[in-house]
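Undergrad: sequence and predicted structure are below.
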Amino acid sequence: MSNFVSTNSVVRKIWGRADVVLFIFAGSAAEFALNKAVDWLYFTGKLPADPLGRLFSTVAYARRIIFADLDEAHRAIDQITAIHQGVEQSRGAKIPDWAYRDVLFMLIDYSIRSFELLDRKLTDAEKQEVFDVFYRVGARMQLQGLPQNYQEWVGMRQGHLDNDLICSDFTADLYRQYRKHLGGLRYFVMKQVQQMLLAPRVRQLLGMGRVVILKPVLLVYRLFRSLRWERPFKNALLPQKYKAQILALDAA
């Protein structure tokens, strides 16, 4: 049976490392907080009650799809669609297509940014490969208005950043919840990662500067990572509640 993503795809390399997935998580945490449709995530109460668990479930679903065979991936995507349809029925309204596209666009962007920050620059062909995977997820969800290739996505992504994000009371509340659930040190590290990772428009809306105190630490970590000595860093920084789940993200 064929896989949803080829076994030699760069997308599997990106999503097969726990640290890269955590960086994608950090970028997603910022954009979820700013998205104009974040009220949908507050509707069920799950996001403010457990923001780390809710965000982790998003990246876990994406990873499940990436490492699945075709049939299993389609079942996972259909399950995501069904969950959202249930929320829509409960609220008596429809989640706008642009909100779904925002999440797909966010996962494309931070897949690329995170891998490049921790590993190496991707080629244009590899970036197209990342786009293709998430395009097929959106197509299976029957989303309208999807771009047809990576270059078209670049323009649409900027349009989404310009039009679909706002700093609101939800933003402030989510960041308070992040700090509460992460603790002071991990919260500080998350924000440092976000400063290195986020799109300029996102940094601007969050009022983040460009000075990154931990940049030299990242360089040391990349060296340790190349030698496979990075486990102590992860053990020190990962929340205990999610440590086993996150370390399990490392592909064999």
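TA: Yes, it's here.
Undergrad: got any ranges where the protein has weak pLDDT?
TA: For the chain, applying pLDDT under 70 flags the ranges 1, 44-47, 227-252.
Undergrad: what about stretch 5-19, distance to the chain center?
TA: The chain centroid and the centroid of stretch 5-19 are separated by 14 Å under CA atoms, centre = their mean, to the nearest Å.
Undergrad: stretch 218-225 too?
TA: Computed by CA atoms, centre = their mean, the separation of stretch 218-225 from the middle of its chain amounts to 22 Å.
Undergrad: and residue 199, how far is that from residue 205?
TA: 10 Å (CB to CB, to the nearest Å). Every residue, glycine included, has its C-beta placed from N, CA and C.
Undergrad: and residue 82, by the same measure?
TA: Residue 82 is 32 Å from residue 205, by CB to CB.
Undergrad: next, residue 63: secondary structure please.
TA: helix (DSSP: H, G, I helix; E, B strand; the rest coil).
Undergrad: now the host helix or strand of residue 138: buried residues?
TA: In this assignment (DSSP states H and E), residue 138 forms part of helix 124-140. Neighbour counts over helix 124-140 (16 or more other CB atoms under 10 Å) mark 126-127, 129-131, 133-138, 140 as buried.
Undergrad: could you say what helices and strands that helix packs with?
TA: Contacts defined by 3 or more CB pairs under 8 Å, 6 or more residues apart in numbering; DSSP states H and E place helix 124-140 against helix 10-15, helix 51-66, helix 70-91, helix 97-118, helix 150-163.
Undergrad: so what touches it?
TA: Residues outside helix 124-140 that contact it (CB atoms under 8 Å, 6 or more residues apart in numbering): 4-5, 9-11, 14, 62, 65-66, 74, 77-78, 100-101, 104, 107-108, 111-112, 122, 146-150, 153.
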